[in-house]
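A.B. asks: Sequence and predicted structure are below.
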Amino acid sequence: MKQRIVVGAHYGFRDWLGQRATAVLMALYTILLLAVLLVAQPSDYLGWYGVFSPAWMKVATLTFLACLFYHAWVGIRDIWMDYVKPTGVRLVLQVGTIVWLVACGMWALKIFLQ
């Protein structure tokens, strides 16, 4: 009997499940945010500040952003792996994507932890 050798990164199911889980969490946050905005109806800076000032809202928003960044990383990484064949170009694009997502995450932390 011939032994089957499995090679590759084994992203498959784990990333598929991660994308679905992050999508559900982002959808729940969107519903929560819409409900909060319908109740608060912020129209100026103080109103918007009041919406995002409670600790639970900051945690929910930062969780949403973490889900968004992971979701984006898996999607963009798969696009780079599927459609960009030269390894060097693909590596530069993947590193650029990581740098961009980390920078966005740090910016979000700076905004919400003020």
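C.D. replies: In hand now; what should we look at? Numbers count the residues shown, from 1 in each chain.

A.B. asks: Distance check, residue 28 against residue 78.
C.D. replies: 24 Å (CB to CB, to the nearest Å). Where you see a C-beta, it was placed from the backbone N, CA and C, and this is true even at glycine.

A.B. asks: pLDDT weak spots in this protein?
C.D. replies: Of all residues in the chain, those with pLDDT under 70 make up the ranges 1-11.

A.B. asks: Recalculate using a threshold of 80.
C.D. replies: Applying pLDDT under 80 to the chain flags the ranges 1-11, 114.

A.B. asks: what about residue 86, neighbour count?
C.D. replies: Look at residue 86: counted by other CB atoms under 10 Å, it has 8 neighbours.

A.B. asks: Next up, phi/psi of it, please.
C.D. replies: Backbone geometry at residue 86, expressed as degrees, to the nearest 10, gives phi -60, psi 120.

A.B. asks: Secondary structure element holding residue 58?
C.D. replies: If you go by DSSP states H and E, residue 58 is part of helix 55-83.

A.B. asks: list the helices and strands that helix packs on?
C.D. replies: Judged by 3 or more CB pairs under 8 Å, 6 or more residues apart in numbering; DSSP states H and E, helix 55-83 is in contact with helix 12-40, helix 45-52, helix 87-112.

A.B. asks: Please repeat the previous calculation with a cut-off of 6 Å.
C.D. replies: Helices and strands touching helix 55-83, by 3 or more CB pairs under 6 Å, 6 or more residues apart in numbering; DSSP states H and E, are helix 12-40, helix 87-112.
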